[in-house]
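In: test case, fold it:
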Amino acid sequence: MKIKKGDNVIIISGKDKGKQGKVLKAMPKQGKILVENVNLKKKHLKPRKANQKGQIIDFSTPLHVSNAALLDSKTGHPSRAGYKFDGGKKVRIAKKSGIAI
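Out: Below is the predicted model:
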């Protein structure tokens, strides 16, 4: 999986197509990522204490990594990730512009 925690991504398919966000968590074994303010669900909470009100909260749920693409910081368009060796170190690059991610 070439998308990691902290990357900026753009959603390329689904109900949130076109939205951008930062990856909060990557789950490589499941092939899913958690992106802030994308794929929101609502949860109804009962009051827990005597004088507390019930509430509805929005929270992000994981989506499949194939529905997101890395956002190229130079062009602002979706890009694939690649690797190149720079001085003996392996560096991730954006395929579209060739700059390091």
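In: is it true that residue 65 touches residue 9?
Out: No. Contact criterion Cβ atoms under 8 Å: residue 65 and residue 9 do not qualify, at 9.1 Å. All C-beta spots, glycine's among them, are computed from the backbone N, C-alpha and C.
In: find residues that contact each of those two.
Out: Common neighbours of residue 65 and residue 9, using Cβ atoms under 8 Å, 6 or more residues apart in numbering, are 3, 33.
In: show me how far the strand of greatest length in the chain is from its chain's centre.
Out: When the chain is scanned for its longest strand (criterion: DSSP state E), the result is strand 20-27. Taking Cα atoms, centre = their mean, to the nearest Å, one finds the center of strand 20-27 at 3 Å from the center of the full chain.
In: in terms of secondary structure, what does that strand contact?
Out: Strand 20-27 is packed against strand 8-11, strand 32-35, with contacts defined by 3 or more Cβ pairs under 8 Å, 6 or more residues apart in numbering; DSSP states H and E.
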